[in-house]
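A.B. asks: Here is my input; please provide its structure:
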Amino acid sequence: MKNFKLPKIGLRNLKTALAVSLCMFIFEFFHRQDSFYACIAAVVCMKDTVSNSFTMGKNRLIGTFLGGLIGLFVIFASIQIPFLYNITPITTGLGIIFSIYICTLLNKPGSVIICCIVFISIMVNHPSGPGSYIYAVTRCMDTTVGIVVAVVINKFIHPPKEKHKK
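C.D. replies: Below you'll find the predicted structure:
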């Protein structure tokens with residue numbers, strides 16, 4: 001126990017906290033109630049280099065938009081063909097196949113996980129009606145806020161040194 005030292009709080013830790021707090025302030029300023037997805041995006045996108053933050057943000061944004069679009073498409077199809085509401089687990093499974101396939105076609109493997117998560121969140125939380133459209137759009141906007149906040153903070157507040165590939 002004599003040699004035990006607590007590690008110091010690092011700069012990325014502090015910048016992540018700042019990014020989350022700033023997301024929450026932005027949402028309060030615009031009288032938006034739920035900053036949850038923006039805060040998650042800020043945490044996920046705060047990386048060890050600015051380029052890694054940007055790459056993560058780009059992948060997350062692409063995946064979020066694709067998952068949102070696919071979710072909107074499936075919701076629209078379910079409205080047109082009401083029988084699909086009765087088999088939501090099957091349409092969700094098919095939507096996952098389609099989500100992974102689209103990301104693969106677009107050569108965006110880094111976007112697959114978030115694409116599937118966004119699609120699932122739409123299908124589970126808002127499987128019908130106009131609320132699902134609003135949810136998908138706001139989910140994309142909220143994620144964008146978190147990504148932008150994290151990348152800007154990482155770039156302009158004591159930016160980390162870029163790692164050079166050997």
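A.B. asks: Would you mind listing the buried residues in the longest helix along the chain?
C.D. replies: Using DSSP state H, we find that the single longest helix of the chain is helix 50-80. Neighbour-count burial for helix 50-80 flags 50, 52-54, 56-72, 74-75, 78 (criterion: 16 or more other C-beta atoms under 10 Å). In short, each C-beta sits where N, CA and C put it, glycine included.
A.B. asks: quick one, what contacts residue 133?
C.D. replies: 72, 75 (C-beta atoms under 8 Å, 6 or more residues apart in numbering).
A.B. asks: Just want to check the distance between it and residue 73.
C.D. replies: Distance of residue 133 to residue 73, computed by C-beta to C-beta, to the nearest Å: 11 Å.
A.B. asks: ok, now residue 47?
C.D. replies: Residue 47 sits 31 Å away from residue 73, going by C-beta to C-beta.
A.B. asks: Look at residue 33 and give its secondary structure.
C.D. replies: Classification of residue 33 using DSSP: H, G, I helix; E, B strand; the rest coil returns coil.
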